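next comes the sequence, and after it the predicted model I'd like to discuss.
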Amino acid sequence: MAHCTKCGRQFLALPFGKKVCAWCVRHEAAQRGEEPENPKQPVMPVPWAHRNASPVIVTQALFGTNVAVFVGMALAGISITDPTSQD
């Protein structure tokens, strides 16, 4: 994916030579005092917020796996405090 050179937001498609997103173009026009076609700027997510990535779910899955292995070892009769390398 391509990114805006000013704010870092991702473009929805390949920009084909366009380096600045629509939000930055509208923002610069508003700062110059020009009236853009649509005076309201759309609310866009910040570049560092990933919608699909959720580190909490990954952390919970790893924690759950560790707890399951610990409980399985305890139920199998393996010493909790001093397991051998064979165990």
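Yep, it's here.

for the protein, longest helix please?
helix 55-75 (DSSP state H).

distance of the nearest residue to residue 3 once chain neighbours are set aside relative to residue 2?
What sits nearest to residue 3 in space, not counting adjacent residues and going by CB to CB, 6 or more residues apart in numbering, is residue 10, at 5.8 Å. (C-beta placed from N, C-alpha, C; glycine too.) When CB to CB, to the nearest Å is applied, the distance between residue 10 and residue 2 equals 7 Å.

please apply the same query to residue 71.
Distance, residue 71 to residue 2, using CB to CB: 47 Å.

what do you get for residue 82?
As defined by CB to CB, residue 82 lies at a distance of 56 Å from residue 2.

please apply the same query to residue 26.
Separation of residue 26 from residue 2 (CB to CB) stands at 18 Å.

what's the domain layout of this protein?
When the chain is parsed into structural domains using automatic domain parsing, the resulting residue ranges are 1-50, 54-87.

those domains into CSV, with extra columns for mean neighbour count?
As requested, those are arranged in CSV below (neighbours: other CB atoms under 10 Å):
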stretch, mean neighbour count
domain 1-50, 12
domain 54-87, 9
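
now those in TSV, with mean pLDDT?
Converted to TSV, these look like this (pLDDT from 0 to 100):
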stretch	mean pLDDT
domain 1-50	71
domain 54-87	87
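
tell me the phi and psi of residue 3?
phi -120, psi 150 (degrees, to the nearest 10).

so it makes contact with residue 24?
No - between residue 3 and residue 24 there is no contact, the gap being 11.4 Å when judged by CB atoms under 8 Å.

which residues are common contacts for these two?
Residues touching both residue 3 and residue 24 (CB atoms under 8 Å, 6 or more residues apart in numbering): none.

quick one, helices of the chain?
For the chain, the helices defined by DSSP H occupy 22-32, 55-75.

out of those helices, nearest to residue 86?
Set against residue 86 and scored by CB to CB, the helices of the chain come closest in helix 55-75, at 12.5 Å.
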